[in-house]
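[1] sequence first, then the predicted structure, then my questions.
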Amino acid sequence: MKILFIAGREPAYVRNAMLLKCLEKSGHDIIDCTDSSATYPARFLKVILKFLAQKNFDCVCVGFLGQPLVPIIRKLTSKPVIFDAFLSTYDTMCFDRRRFTPDSLAGKFFFWLDRYSCTQANRILLDTDAHIEYFTKTFGLPGTTFNRVFVGADESLFYPREVKREDTKFRVFYYSSFLPLHGTEYIVQAAGRLREQKEIEFVVVGKGMMHSKVLSLAQSLGVDNIRFIDWIPYEQLPLEISRADVCLGGHFSDIDKAKRVIAGKTFQFIAMKKPVIVGDCPGNREIFIDRQNAVMVRMADAVSLADAILELSDNAALREKIAEEGYKVFIKKCNTAAIGRALAGIFNNSTS
């Protein structure tokens, strides 16, 4: 099958990169109509021009960010359109980042855009069943048009490896773009509660929307056991993960969206056979069982998170167990082969 892949975000964006790799791995021929320009208007224009230059394909896969593209693609082709919605622009802009109120003109536009783009696709992909339930209830869409496809991780980059460290600290690792739904402030608060545990250290990588507020919180709490690193190249991320004793998958906030998804970093951590701590929410429960393949903590609860970190620092057997079982889940459901099989079934059914 020849699949034309087009997206509003760049092909290196993790979700798009995984879809491209998994589609290729499942044996499909891919016509890549993505673009890496720095701005959305430039990308949207260039990908549409690339699309118009193509005539010979069996179906279209619209990757992330595809809501503005789907209505245009639908008018330009009668071929099946599989749309990876991935997230709700309405939910993101109004409830996660809180840029607009739901009743504002912009809020109503994003609501319409999410709903209309979904009605124009033959199939819609989302990352969890909890996210599918949100779309069906919020936008009044039939559940039969949706398929769950986990975010997963690329095992050619994220795989178990042994790295020796010179220090003997118990290292807790987290990285983030510091969006509100991540709940990075609860990690800082948990670190503050563990200040007296001198053997425990935190490494937090990234920058973003809430970064300055998180740093201010750490300063106000007198937290001195977190090493903040603004940025590391993506290809060096596995090395940092490999140095950790425990990884924080999240999400940890009480924002509704945080409860519906499984953080992309979580898949990367279990791909590297690291013990993970995740929020106890419907999204994470789709693959995780508390104390079997992860430790699950109450959302928006620094005490629960601190207790989990302390327990894992004292219990090597539990760390080993959840790391091993988490890795088994990854191999079975979340690596490129597993996701490729899921996508093959969806695309084959959509074009038959």
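    It's in.
[2] can you list contacts of stretch 42-61?
    With contact meaning CB atoms under 8 Å, 6 or more residues apart in numbering, stretch 42-61 is reached by 1-10, 19, 23, 31, 33-37, 68-69, 72-73, 76-77, 79-82, 84, 347, 350-351. Backbone N, C-alpha and C define where each C-beta goes, glycine included.
[3] now the buried members of those residues.
    Among the contacts of stretch 42-61, those classed as buried by 16 or more other CB atoms under 10 Å are 1, 3-9, 19, 23, 31, 33-35, 69, 72-73, 77, 79-82, 84, 347, 350.
[4] for the host helix or strand of K108, buried residues please.
    According to DSSP states H and E, K108 maps onto helix 105-119. Buried residues in helix 105-119, counted by 16+ other CB under 10 Å: 107, 110-111, 113-115, 117-119.
[5] and if you look at stretch 276-292?
    So stretch 276-292, judged by 16+ other CB under 10 Å, has buried residues 276-281, 283-288.
[6] so which of these comes closest to E133?
    Distance to E133, by CB to CB, is smallest for G283 among the buried residues of stretch 276-292, at 10.4 Å.
[7] got TSV for the buried residues of stretch 276-292, with distance to Y327 too?
    Output for these, formatted as TSV (distance: CB to CB, whole Å):
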residue	distance to Y327
V276	10
I277	16
V278	15
G279	20
D280	21
C281	22
G283	20
N284	16
R285	19
E286	17
I287	12
F288	13
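[8] quick one on the thing from earlier: helices or strands next to the helix holding K108 in the packing?
    Other elements packing on helix 105-119 under the criterion 3 or more CB pairs under 8 Å, 6 or more residues apart in numbering; DSSP states H and E are helix 70-76, helix 89-91, helix 129-139.
[9] show me the residue at the heart of the protein, geometrically.
    For the chain, the residue sitting closest to the mean C-alpha position, by CA atoms, centre = their mean, is G264 at 3.0 Å.
[10] for it, which non-adjacent residue is closest in space?
    Of all residues not flanking G264 in the chain, V151 sits nearest, at 4.8 Å (CB to CB, 6 or more residues apart in numbering).
[11] then R319?
    Counting by CB to CB, 6+ apart, the residue nearest R319 is P275, at 4.4 Å.
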